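Engineer: Here is a sequence together with a model predicted from it:
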Amino acid sequence: MVLAYARVSTDKQDNISQEKLIKDYCKAYNLKLDNYISVEMSSRKSLEKRRINDLYELLKAGDTLITAELSRLGRDMFETITLINNLINKGVKVLFIRQPELSLISKSATKLLLSFYAYMAEYEREMISERTKAGLRVAKSKGKILGRPKGTLKSVYDKDIEKIKVLLDKKLSIASIWKLLYSDSGRTYDGLLWFIKKRKLKNDLNAKETHLNDKNQPSLF
């Protein structure tokens with residue numbers, strides 16, 4: 001059996017993008033897709049609601065699991081590595097479309113590389129978080145007024161406005177900021193882009209960033 005798993009944002013376009021990526025991959029490699037599981041991203045959802053338990057129950061030795069990339073399977077390093085190792089030990093072949101190198105090496109090497117990818121992703125999140133906090137402390141020490149401008153409508157993104165400013169100053173793309181702060185929250189890339197434009201946090205938005213349907217966000221790995 002060939003099963004695909006997609007963890008998507010609340011934006012319908014993200015779901016369509018992942019589904020097309022997976023179906024195109026299956027067509028290119030002559031794979032018959034037997035089952036497609038798509039769940040909405042949320043850091044608050046249990047394993048059951050994210051249908052992780054379904055993966056354990058449905059997949060048997062000799063089956064294949066296809067997903068867009070490593071980060072789509074788990075919310076953190078420990079959960080991701082635990083899930084993949086359990087599936088590999090069960091005899092399931094796991095294919096990552098955007099990280100094909102993980103599927104082309106030996107079982108032991110795959111586990112080692114998976115651990116490295118997950119560690120680097122976790123490390124990068126921690127480093128960016130620390131730099132963000134440091135940037136906020138510097139801004140505050142210089143007397144900069146934090147928060148949203150007076151007279152603007154309140155947004156769900158306002159609580160993170162200073163973090164967003166710091167990350168933009170660090171030259172992170174809007175797509176990378178969305179993936180770092182909101183990919184598991186259900187908030188969309190388009191929503192963050194709209195917020196940044198309305199708050200005038202970045203004036204040099206390039207063509208890719210201003211295209212509201214662009215969902216080719218770069219990986220953090």
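Structural biologist: It's in.
Engineer: if I look at residue 20, how far off is residue 187?
Structural biologist: According to Cβ to Cβ, to the nearest Å, residue 20 and residue 187 sit 22 Å apart. In short, each C-beta sits where N, CA and C put it, glycine included.
Engineer: So the two - more neighbours on which side?
Structural biologist: residue 187 (20 against 10; other Cβ atoms under 10 Å).
Engineer: Reduced to three states, what does that one come out as?
Structural biologist: coil (DSSP: H, G, I helix; E, B strand; the rest coil).
Engineer: pretty sure it is touching residue 160, no?
Structural biologist: No - between residue 187 and residue 160 there is no contact, the gap being 9.9 Å when judged by Cβ atoms under 8 Å.
Engineer: State whether residue 39 is indeed within a strand.
Structural biologist: Yes - counting by three-state DSSP, residue 39 is found in a strand.
Engineer: in what helix or strand does residue 95 lie?
Structural biologist: strand 93-96 (DSSP states H and E).
Engineer: Show me the strands paired with that strand, marking each as parallel or antiparallel.
Structural biologist: If you go by DSSP bridges, strand 93-96 pairs up with strand 64-67 (parallel).
Engineer: Mind checking what helix or strand follows the strand it pairs with in sequence?
Structural biologist: helix 77-89.
Engineer: Does anything pack onto that next one? Which helices or strands?
Structural biologist: helix 52-58, strand 93-96, helix 107-141 (3 or more Cβ pairs under 8 Å, 6 or more residues apart in numbering; DSSP states H and E).
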